[in-house]
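Engineer: coords please:
(chains A and B)
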Amino acid sequence: MSKHDSTRLTQWHKSLLTLMLTSALAFLLMPLAERWELANIVMLFLLFVLMVAIKLGQVSGVVAAICSVFLFDFLFVPPRFSLEVANPEHLVTFAVMLITAMVSAQMAARLKKNAEDAQVREARTHALYEVARALAGTQAVADATQITEDFLLAQVGLKAYVIVTDEHVVKAQMVGAAQFHVETHLASLAVSSKKTVSSSALNTTGWGCVYIPLLSGEHGYGILVLAAHEDTTEITAERVAFCEAYASLLAITLERLHFVDVAYAHELSVTSERLRSSILSALSHDLRTPLTVLVGLADSLATHEPPLPAAAVATSVTIQDQARRLSSLVSNLLEMARLNAGNVQLRLDWHDITDVVSASIEHLGEALKIHPLSVHIPADVALVQIDATLMERVVTNLLENAAKYSPAGAPIVLQVSETQTELQLVVRDEGCGIDPQKLDTIFDMFERGTKESTIQGFGLGLSICQVIVQAHGGSISATNRLPCGAELLVSLPKGTPPSVPEEFV
Amino acid sequence: MSTKPRVLLVEDEPEIRRFVKNALEAMHCVVTEADSVMSATHVLSVSAADLMVVDLGLPDVDGQTLIERVRSWSDMPVLVLSARAMEQDKVDALNLGADDYLTKPFGIAEFKARVQALLRRHQRQEDLPGSLLSFGNVRVDFTKREIFKDDVPVHLTVTEFKLLAALVKSSGKVMTQKTLLQEVWGPAFKDSSHYLRIYISHLRQKLEVDPSRPKHFVTEIGVGYRFKA
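Structural biologist: Okay, the predicted model is just below:
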């Protein structure tokens, strides 16, 4: 209240001063009354009014104008020292004098106000420029909010608080503590409407009453909340406009900090991905090299010229077999490590499932020889979009399991069929089947379908299959068959393969 | 070939080098060893070779670089040994001009078969390629463009025939899908792998005994195809 009062009092003082100055001028001019033309005296009064308006403002100008007309009539216009007017023409003089004085007072005052406003604006622009520089140097959101609070308090005398939002949701992710209450409902409204929301009902200290969304482009990065400070009860439209201008600076800063975070996270993930991949390939190299030596040397013993004794050959063949088994285990482990790393990178291309199946059979070679294998694939099977190398591992693992868990001579069937939306691949064996209690967990890591048996394995094969198939957007399931054996079903989404024009010659 | 074939073996693991060298010598090859791209380049500058066996993970420079360098002046067959899990390295090596690959670990018999195929193919290329070919129960006469399966004529479309010819020309050798697409359909189609899939499937349907378990048009998964007579 005090500040408001003081301006009104000054206005009173100004009017009083004007009154006194006008009287002084009139008395100074009195000696000239008989010698000068009345018109010249009017001119001096007008000049005086103009100067008063410029110096003391519009109200004083008007006071000066009225006062001048009154004094001019009283002191100069005959009959002098009376308000009577002898010549009616002088009434026109009064009117013109009054109008001219008032209009010029108004114009002068407006000019002065404009100049003052321009000064204020210039100061604020300068301040905005300075604060923009400060914001450009910030490295953390906390710094930006601190700058905001200090700046708005200094410039417009308002308390400010910044809420950083995440994807349009006003979260409790607040930086520092607000010095006033924040109405989260209004904050949400500001975010969703992308407009400044203000509530005059909350216009008391202790409550945030203006909520400005921090928008950069179409994306919102937070909300700037303003509250009245002890000295500033009034939150004028002009102050809000200034805060909105500042808000756009702050939004750009928050956007920049956001992208710094994004870039950093990306760089981190690329680095860790590169590290993981180089560790895996170094591991793969270091594990495979001795295995290659083992397989190769054992093999050269078996094919030695002249031939070694039969027992030695048998030993070297066993060494070779075991080394190969170890190698396939290592492959599975490394594959699982790669897949488990989270982001399975699929090299998708359109493939004929026949390619995948035949490559798997070729890959398994000897291991499948002891089982009659029948393969049924429709001649015109649709192409599917898959990572062929990974899918080959799926089929290989399924066939390998079928061979491993069924007695020698038991047939294995691989059948591919199509529905409207899916390509289904089934592998059936006539082995011992899967422990019914484990049907649900068989795809988990290190889980095996039969009780601890003499059959070697780690329980990695099917979990690898599941990870790969799921990465393709497909599904894998296992069932037991009657009277014996297991059936594994892989379903892959079909998609629309690109067309190949038919040829007639 | 009356003289013994000369083989350059580029491999940094001495133990692997040892048994590979033994296998090659058992095939009556003269073997020169190198343990890095630098020493291999040096060896090649002083004496020519009929075959190069290269490990992709060499200590100094990538094996691919060596293949690219050798291909700029020689068409000697190149067999790649790859310990790497990533298919892309193999494909890159093949696209750069390698003729075949083996993934570690590999057996001696497998290795010998590949080496023999490459040496034989190279030798045959120096003779005139035959216009008659038979594999399984199929006979092909390339000059007359006639194909018989079990003595019954089989009709192949123009593209199917072109694909067959491209595969047969590099018999025993892996052909990457990029190479096949470029050769049969042209450079604009080098990424249109679905064309290749469809036409390989046609060839299998028309010429294989059991198209779902092909014996002649063999898939090299993630790499391409190989024709086996």
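Engineer: do stretch A:396-407 and chain B meet?
Structural biologist: No - judged by C-beta under 8 Å from any C-beta of the partner chain, stretch A:396-407 makes no contact with chain B; its nearest approach is 9.6 Å. Every C-beta, even on glycine, is put in place using the N, C-alpha and C of the backbone.
Engineer: Can you tell me which residues in the stretch 351-500 of chain A are near chain B?
Structural biologist: A:351-352, A:354-359, A:361-363, A:375-377, A:379, A:383, A:388-389, A:392, A:497-498, A:500.
Engineer: Would you mind checking these for buried ones?
Structural biologist: Among those, those classed as buried by 16 or more other C-beta atoms under 10 Å in any protein chain shown are A:351-352, A:354-359, A:361-363, A:375, A:377, A:383, A:388-389, A:392, A:500.
Engineer: Quickly note the distance from residue B:103 to residue B:53.
Structural biologist: Separation of residue B:103 from residue B:53 (C-beta to C-beta, to the nearest Å) stands at 14 Å.
Engineer: which one of the two has more residues nearby?
Structural biologist: Comparing residue B:103 with residue B:53 by other C-beta atoms under 10 Å in any protein chain shown, the one with more neighbours is residue B:53, at 26 against 18.
Engineer: Could I get the average pLDDT for the strand or helix carrying the more buried one?
Structural biologist: Secondary structure from DSSP states H and E places residue B:53 in strand B:51-55. The average pLDDT within strand B:51-55 is 92.
Engineer: quick one: contacts of the helix or strand hosting residue B:117?
Structural biologist: Assigning secondary structure by DSSP H and E places residue B:117 in helix B:108-126. Residues outside helix B:108-126 that contact it (C-beta atoms under 8 Å, 6 or more residues apart in numbering or on different chains): A:296, A:299-300, A:302-303, B:1, B:5, B:7, B:19-20, B:23-24, B:26-27, B:29, B:50-51, B:53, B:76-77, B:79, B:99-100, B:102, B:170-173.
Engineer: Same question for stretch A:460-471.
Structural biologist: Applying C-beta under 8 Å, 6+ apart, the contact partners of stretch A:460-471 are A:329, A:332-333, A:335-336, A:339-340, A:344, A:346, A:387, A:390-391, A:393-394, A:397-398, A:400-401, A:442-447, A:449, A:475-476, A:478, A:488, A:490, A:492.
Engineer: Can you tell me which of these are classed as buried?
Structural biologist: A:329, A:332-333, A:335-336, A:339, A:346, A:387, A:390-391, A:393-394, A:397-398, A:400-401, A:442-443, A:449, A:476, A:478, A:488, A:490, A:492.
Engineer: Give the residue spans of the chain that score low on pLDDT.
Structural biologist: Since no chain was named, I'll use chain A. A:1-9, A:166-179, A:201-205, A:231-233, A:341-343, A:447-458 (pLDDT under 70).
Engineer: My question was about chain B, not that one.
Structural biologist: Scanning chain B for pLDDT under 70 picks out the ranges B:1-2, B:84-86, B:124-130.
Engineer: Report the contact partners of residue A:497.
Structural biologist: Counting by C-beta under 8 Å, 6+ apart, residue A:497 has contacts A:350, A:382, A:383, A:384, A:385, B:194.
Engineer: ok, back up a step: could you list which of the buried ones among the residues of the stretch 351-500 of chain A next to chain B belong to helices?
Structural biologist: Among these, the ones falling in helices (DSSP state H) are A:354, A:355, A:356, A:357, A:358, A:359, A:361, A:362, A:363, A:388, A:389, A:392.
Engineer: Skip the chain neighbours and tell me the closest residue to the residue at minimal distance from the centre of chain B.
Structural biologist: Compute the mean C-alpha point of chain B, and by C-alpha atoms, centre = their mean the closest residue is residue B:173, 2.4 Å away. Nearest non-adjacent residue to residue B:173, counting by C-beta to C-beta, 6 or more residues apart in numbering or on different chains: residue B:99, 5.0 Å away.
Engineer: cool, residue A:379 as well?
Structural biologist: Sequence neighbours aside, residue B:205 is the residue nearest to residue A:379 in space, at 5.6 Å (criterion: C-beta to C-beta, 6+ apart).
Engineer: Over to residue B:139?
Structural biologist: Nearest-residue entry for residue B:139: residue B:148, 4.6 Å, with adjacent residues in sequence omitted and distances by C-beta to C-beta, 6+ apart.
Engineer: Checking that neighbour next. Helix, strand or coil?
Structural biologist: Taken by DSSP: H, G, I helix; E, B strand; the rest coil, the conformation at residue B:148 corresponds to strand.
Engineer: ok, now residue A:35?
Structural biologist: At residue A:35 the chain is in coil, as set by three-state DSSP.
Engineer: measure it to chain B for me?
Structural biologist: 107 Å (C-beta to the nearest C-beta, to the nearest Å).
Engineer: Next, that residue: phi, psi?
Structural biologist: The phi/psi pair for residue A:35 (degrees, to the nearest 10) reads phi -90, psi -40.
Engineer: What of residue A:229?
Structural biologist: Here is the backbone geometry of residue A:229 (degrees, to the nearest 10): phi -100, psi 170.
Engineer: just checking, it touches residue A:156?
Structural biologist: No - judged on C-beta atoms under 8 Å, residue A:229 makes no contact with residue A:156 at a distance of 9.1 Å.
Engineer: Verify the stated contact: residue B:97 with residue B:72.
Structural biologist: No - counting by C-beta under 8 Å, residue B:72 is not a contact partner of residue B:97; they are 9.0 Å apart.
Engineer: Looking at these two now, which is surrounded by more residues?
Structural biologist: Counted by other C-beta under 10 Å, residue B:97 and residue B:72 do not tie: residue B:97 has more neighbours, with 19 against 8.
Engineer: Assign that one to helix, strand or coil.
Structural biologist: Here residue B:97 is recorded as coil under three-state DSSP.
Engineer: Next: residue A:502.
Structural biologist: coil.
Engineer: measure it to chain B for me?
Structural biologist: For residue A:502, the distance to chain B (C-beta to the nearest C-beta) stands at 9 Å.
Engineer: Please enumerate the helices of chain B.
Structural biologist: B:14-26, B:37-46, B:63-71, B:87-95, B:108-126, B:158-169, B:177-184, B:193-207.
Engineer: Would you check that residue A:200 makes contact with residue A:228?
Structural biologist: No - judged on C-beta under 8 Å, residue A:200 makes no contact with residue A:228 at a distance of 11.0 Å.
Engineer: Dump the helices of chain B to a markdown table, plus mean neighbour count.
Structural biologist: Putting the helices of chain B into a markdown table (neighbours: other C-beta atoms under 10 Å in any protein chain shown) gives the following:
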| stretch | mean neighbour count |
| --- | --- |
| helix B:14-26 | 18 |
| helix B:37-46 | 16 |
| helix B:63-71 | 21 |
| helix B:87-95 | 20 |
| helix B:108-126 | 16 |
| helix B:158-169 | 18 |
| helix B:177-184 | 20 |
| helix B:193-207 | 20 |
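Engineer: export those to JSON lines and tack on distance to residue A:74?
Structural biologist: Below are these laid out as JSON lines (distance: least, C-beta to C-beta, whole Å):
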{"stretch": "helix B:14-26", "distance to residue A:74": "124"}
{"stretch": "helix B:37-46", "distance to residue A:74": "115"}
{"stretch": "helix B:63-71", "distance to residue A:74": "110"}
{"stretch": "helix B:87-95", "distance to residue A:74": "106"}
{"stretch": "helix B:108-126", "distance to residue A:74": "127"}
{"stretch": "helix B:158-169", "distance to residue A:74": "117"}
{"stretch": "helix B:177-184", "distance to residue A:74": "109"}
{"stretch": "helix B:193-207", "distance to residue A:74": "107"}
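Engineer: from what I can see residue A:396 touches residue A:363, true?
Structural biologist: Yes - between residue A:396 and residue A:363 there is a contact under C-beta under 8 Å: 5.4 Å.
Engineer: Name the residue most distant from the centre of chain B?
Structural biologist: Outermost in chain B, C-alpha atoms, centre = their mean: residue B:152 at 30.6 Å.
Engineer: Quick check: bridge partners of that one?
Structural biologist: On the basis of DSSP bridges, residue B:152 is bridged to residue B:149.
Engineer: Return the distance of it relative to chain A.
Structural biologist: Separation of residue B:152 from chain A (C-beta to the nearest C-beta) stands at 18 Å.
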